[in-house]
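# Sequence and computational prediction follow.
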Amino acid sequence: MDLRTLEVLEFSKVKQLLTKKTNSPFSRELAEALMPATDFTAVARYLAETTEARSLIRTQPVIPLGGMREIRPALRRAEIGAVLDVEELLTVANTLYAIRRLKRFFTDLEGDYPLLRQMGEDLQIFSATEQAISTAIREQGDIADEASVELVRIRRERRSTQQRVRERLESILRSAEYGKMIQEAIVTLRDDRYVVPIKHEYRGQFPGIIHDQSSSGATLYIEPLSILDMNNELKELAIAEETEIQRILARLSGMVARDAQPIGQSFGAQGGIDFVFAKAKLAEDMRGEEPRLNEDGFINIKMGRHPLIQGEVVPTDIHLGKDFSTLVITGPNTGGKTVTLKTVGLFVLMAQAGLHVPAGLGTE
């Protein structure tokens, strides 16, 4: 296809309109890369797909095409053995949910939509991977206790130890022995260790380890010796928790890696389906019709309207190539000659790209 022709006829602007109708990263790429096809059978199929999609959206206004996210980089990372982070895994799970929802839509679909059904057959459901990620990672991005038995144990023990530390510190804050030394009756953290605020003048009298001081220097944040072992235990539990979380992420990443190829194929299939429906939505906006194709080299445009002109457009009837092969268009400047010629050219390009054209029924 001559790129100069595409530029002069502003085919890229039609693609921009199409791109705005897409819902997924891959369908957006398909719209941006769209080129007119030259194979008659392929063009006929592309147009028929658009027609089926238009028919479906008229009877099923809510089609679950949303929810897709860009997961291809995550799939590639998983395949080479990388451990995916929480955000990547959540993105994969949400995309798998979107694919599953669309697959079930096509499974339950009634009516005569053979081409769309065939596209829907390329979608696969990955329930085990989706469920494992959704169970282990909450939507907020934190790891759920239910992610593993070991994580449940570690967190239970950590909460218990934290409670014992707080109880001990509260007893210190309430004690008559240390009451006058306390700057403020609060428990706080410094370097992930529990401390109490002690007046600077009592630094030598309060048994503990200094971790920080206030900007004025009047307050020292001291870890009492009586909770030193418990703070150490909390530190060890925190390390154990992080280790277990990394193990969980590695396990989930392994599941994604195992299914990476079929997930990628379903991702592409969903993008292809969304692309077809984007064409259908554009056709609805343009009040277009599927043009009939012929191999005899003639055109017959009925009530054709240039797709890029906004507002009221004067429709044009043009036929050429059957009874005569030469057409002379005359008229004054700004009379519409160029628009008419561009309409013919753009209609041809749109039809070859599987797009319906803004014209009347019977356009060929």
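It's in. Residues are numbered from 1 along each chain as shown.
# those helices in the stretch 101-250 of the chain, which residues are they?
114-120, 127-136, 149-174, 176-179, 228-258 (DSSP state H, counting those that start in this stretch).
# which residues of the stretch 201-350 of the chain fall in strands?
208-213, 219-224, 299-304, 316-320 (DSSP state E, counting those that start in this stretch).
# Specify the stretch among these that is closest to residue 67.
strand 299-304 (37.4 Å; Cβ to Cβ). Every residue, glycine included, has its C-beta placed from N, CA and C.
# hey, C-alpha coordinates of that closest one in PDB?
Below are the C-alpha coordinates for strand 299-304, written out as PDB (Å, rounded to 0.1, in the frame of the first residue of the first chain):
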ATOM      1  CA  ILE A 299     -17.900   1.200  -7.200                       C
ATOM      2  CA  ASN A 300     -21.400   2.200  -6.400                       C
ATOM      3  CA  ILE A 301     -21.500   4.600  -3.400                       C
ATOM      4  CA  LYS A 302     -25.000   5.600  -2.200                       C
ATOM      5  CA  MET A 303     -25.500   8.600   0.100                       C
ATOM      6  CA  GLY A 304     -21.800   8.600   0.900                       C
END
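# what does that strand contact?
Residues outside strand 299-304 that contact it (Cβ atoms under 8 Å, 6 or more residues apart in numbering) are 315-322, 343-344, 347-348, 357-364.
# Filter those residues down to the buried ones.
316, 318, 343-344, 347-348, 357-359, 363-364 (16 or more other Cβ atoms under 10 Å).
# ok, so of those, who is nearest residue 210?
Minimum distance to residue 210 across the buried ones among the contacts of strand 299-304 is 78.1 Å, recorded for residue 358 (Cβ to Cβ).
# Kindly provide the distance from the closest one to residue 284.
Counting by Cβ to Cβ, to the nearest Å, the separation of residue 358 from residue 284 is 11 Å.
# so residue 148 touches residue 248, yeah?
Yes. Counting by Cβ atoms under 8 Å, residue 148 touches residue 248, with 5.7 Å between them.
# Give me the common contacts of these two.
By Cβ under 8 Å, 6+ apart, residue 148 and residue 248 have these common neighbours: residue 136.
# Give the residue spans of the chain that score low on pLDDT.
The model of the chain has pLDDT under 70 over residues 1, 334-335.
# Domain boundaries for it, per the record?
Residue ranges for the domains of the chain, per automatic domain parsing: 3-142+248-286, 150-240, 299-352.
# Output the ones you listed as CSV; include the columns distance to residue 293.
Formatted as CSV, the domains of the chain follow (distance: least, Cβ to Cβ, whole Å):
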stretch, distance to residue 293
domain 3-142+248-286, 6
domain 150-240, 61
domain 299-352, 7
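# can I assume residue 329 is in contact with residue 340?
Yes. When contacts are counted by Cβ under 8 Å, residue 329 is listed as touching residue 340 (6.0 Å).
# Can you report how many residues lie near the closest residue to residue 230 other than its chain neighbours?
Excluding the flanking residues, the one nearest residue 230 by Cβ to Cβ, 6 or more residues apart in numbering is residue 165, at 4.9 Å. Using other Cβ atoms under 10 Å, residue 165 has 20 neighbouring residues.
# Now do residue 165 against residue 356, distance only.
Here residue 165 is placed at a distance of 70 Å from residue 356 (Cβ to Cβ).
# what residue lies at the spatial centre of the protein?
residue 69 (1.7 Å; Cα atoms, centre = their mean).
# three-state assignment of it?
For residue 69, the assignment made with DSSP: H, G, I helix; E, B strand; the rest coil gives coil.
# Spatially nearest residue to it (excluding sequence neighbours)?
Of all residues beyond its chain neighbours, the one nearest residue 69 is residue 91 (4.6 Å), with distances taken as Cβ to Cβ, 6+ apart.
# and that neighbour, what element?
helix 86-108 (DSSP states H and E).
# gap between that helix and the chain center?
Relative to the centre of its chain, helix 86-108 is centred 10 Å away, using Cα atoms, centre = their mean, to the nearest Å.
# same thing with stretch 303-316?
Distance, stretch centre to chain centre, for stretch 303-316: 35 Å (Cα atoms, centre = their mean).
# likewise stretch 107-123?
Centre-to-centre, stretch 107-123 and its host chain are 23 Å apart (Cα atoms, centre = their mean).
# quick one: contacts for residue 118?
Counting by Cβ under 8 Å, 6+ apart, residue 118 touches no other residue.
# And it, how close does it get to residue 103?
From residue 118 to residue 103 the distance is 13 Å (Cβ to Cβ).
# what's the answer for residue 352, then?
Distance of residue 352 to residue 103, computed by Cβ to Cβ: 31 Å.
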